[in-house]
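Asker: fold the following.
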Amino acid sequence: MMMNRRSFSAALVAGAATSLISTRGIAATKAPAKARNIVLAHGLFADGSCWSDVIARLQAAGLNATAVQNPLTTLPEAVASAQRVLDRQDGPTVLVGHSFSGMIVSEVGVHPKVSALVYVAARAPDAGEDYAALAKTYPTPPASAGIVFDGDEGRLTEEAFLRDFAGDLPEAKAKVLYAVQEPFHRALLTGKTTQAAWRSKPSFYAVSTEDRTINPDLERFMAKRMGAKTIEVKSSHLSLISHPDEITRLILEAAGQTA
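Answerer: A predicted model of the protein is given here:
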């Protein structure tokens, strides 16, 4: 318990908006290797530019950061896009995923160059698990009602995007993000992972406590199940944009770059 109190105090010093949750699990007991490469994958209703604020901070810390352009078509194609970026890295690499791209992290995170995993308000399925069925065991988040389809392409309405996806961002900024959201294909949501990289790699999780896109209690369940080092951020689903300092600190810790 003394170690947990010290960790909690350190987290409060690091950022008032963040609190540390001590968890148990195999992954949490493994110290991450020091890494200078960070690969970041985006989820639905977004593109790689959503990581811009975090990338700027990682670069300022001397790290090599690369955003994956997730095609949002099928899970195998999304995984392949991350695989290609990982193949180009020159050493230990932290793989980071937001939202849906937690599926990518869980699947491709077994890559030998991946030294640690970071999930940001992200899906974290077990191998072969039906994520949709798991999600249904928790109250449905409001954003789900705002998804509309044009044939096989899905997107969020502007109202749902501003209120339920980017609710803690300035309206003008949220409207810009809405304008550039990348539609996803129906087939993407049918994929299941065959790997659960968090069972063998050090894992970290940022819960968004005000999330209206993924239920925060579901995020807490997945983080606890994987034994992740977990922080809670008082944020909408887009903590990587509204709280980039906290998310960057967690990534730096996963990269072994913090004291």
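
Asker: spatially nearest residue to residue 235 (excluding sequence neighbours)?
Answerer: Spatial nearest neighbour of residue 235, excluding adjacent residues (CB to CB, 6 or more residues apart in numbering): residue 208 at 4.6 Å. No exception for glycine: its C-beta is placed from N, CA and C like everyone else's.

Asker: thought that neighbour was touching residue 239?
Answerer: Yes. With contact defined as CB atoms under 8 Å, residue 208 counts as touching residue 239 (4.9 Å).

Asker: state the number of residues packed around residue 170.
Answerer: 10 (other CB atoms under 10 Å).

Asker: that should have said residue 211, apologies.
Answerer: Once other CB under 10 Å is used to define contacts, residue 211 is seen to have 26 neighbours.

Asker: check for me that it belongs to a helix.
Answerer: No. With DSSP: H, G, I helix; E, B strand; the rest coil as the criterion, residue 211 is assigned coil and is not in a helix.

Asker: when you give positions from now on, start the count at 281
Answerer: With the count now opening at 281, the last piece we talked about shows up as residue 491.

Asker: for the closest residue to residue 481 other than its chain neighbours, what are its contacts?
Answerer: Nearest residue to residue 481 in three dimensions, chain neighbours excluded: residue 397, at 5.2 Å (CB to CB, 6+ apart). Residues in contact with residue 397 (CB atoms under 8 Å, 6 or more residues apart in numbering) are 307, 374-377, 385-386, 389, 477-478, 481-484, 534.

Asker: ok, of those residues, which one's closest to residue 401?
Answerer: residue 377 (9.7 Å; CB to CB).

Asker: pretty sure that closest one belongs to a strand, no?
Answerer: Yes. Under three-state DSSP, residue 377 sits within a strand.

Asker: helix or strand: which one has the closest residue to it other than its chain neighbours?
Answerer: Sequence neighbours aside, residue 385 is the residue nearest to residue 377 in space, at 3.8 Å (criterion: CB to CB, 6+ apart). Secondary structure from DSSP states H and E places residue 385 in helix 382-388.
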